[in-house]
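Asker: make a model of this:
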Amino acid sequence: MIAGKGFAVAGVSRGGYLARGVLAKRSADVNGVLLITPATRGAAPAESLEFSFDVDQLPSLFDKPVLILAGRQESVVGYLDAWKTLAQFPRATFAVLDRAGHYLPTEQHERLLALAGEWLRRVRNRAADRLCMAAAICWTSYAGVWAT
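Answerer: As a prediction, this is how the structure comes out:
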């Protein structure tokens, strides 16, 4: 991250939980959020990585671009819990993809790229005063951070 610059956060699975933790504490600095098959508090397997606060209690509505992707055949974290977070994101796109489970990034790679590309355009448009945006998507269970 660059001091004084906003950033976007993204997370897959447990990384989605961690990204929401960053959002809960730094929402004013976050320009966008991408959550892919996001885990919820207490979801297997790494409860030891839980925050001491509720990541879904934001100080106010987050009115910047959000993309939440879930797999219809998700068997690890489910997709209905992700739906419950939608009320706090008035600018969110929520998609449940058929023929995708917890490994949505590999199971529906082309749809992911199309939806994430549209999300990145919305983040860029929101942060148009920035000189550039670097994005490197890393499909891990950890949260990714993009400078915007």
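Asker: shaky segments in the protein?
Answerer: Counting by pLDDT under 70, the chain shows low-confidence ranges at 1-3, 41-49, 127-148.
Asker: and the helices in it?
Answerer: Applying DSSP state H to the chain gives helices spanning 14-26, 80-84, 104-107, 109-126.
Asker: and these: which comes nearest residue 91?
Answerer: Nearest to residue 91 among these is helix 109-126; the distance by CB to CB comes to 7.7 Å. For every residue, glycine as well, the C-beta is placed using N, CA and C.
Asker: could you check the closest one and say which residues are buried?
Answerer: Of all the residues in helix 109-126, those buried under the rule 16 or more other CB atoms under 10 Å are 111-112, 115-116, 119-120, 122-124, 126.
Asker: how far does it sit from the chain's center?
Answerer: The chain centroid and the centroid of helix 109-126 are separated by 12 Å, computed with CA atoms, centre = their mean, to the nearest Å.
Asker: all strands of the protein, in order?
Answerer: 7-12, 30-36, 66-71, 92-97, 144-147 (DSSP state E).
Asker: as TSV, those strands with distance to residue 78 and mean neighbour count would be great.
Answerer: Converted to TSV, the strands of the chain look like this (distance: least, CB to CB, whole Å; neighbours: other CB atoms under 10 Å):
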stretch	distance to residue 78	mean neighbour count
strand 7-12	15	24
strand 30-36	13	26
strand 66-71	8	25
strand 92-97	11	18
strand 144-147	22	18
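Asker: using JSON lines, lay out those together with distance to residue 57.
Answerer: What follows is the strands of the chain, written out as JSON lines (distance: least, CB to CB, whole Å):
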{"stretch": "strand 7-12", "distance to residue 57": "17"}
{"stretch": "strand 30-36", "distance to residue 57": "15"}
{"stretch": "strand 66-71", "distance to residue 57": "16"}
{"stretch": "strand 92-97", "distance to residue 57": "17"}
{"stretch": "strand 144-147", "distance to residue 57": "21"}
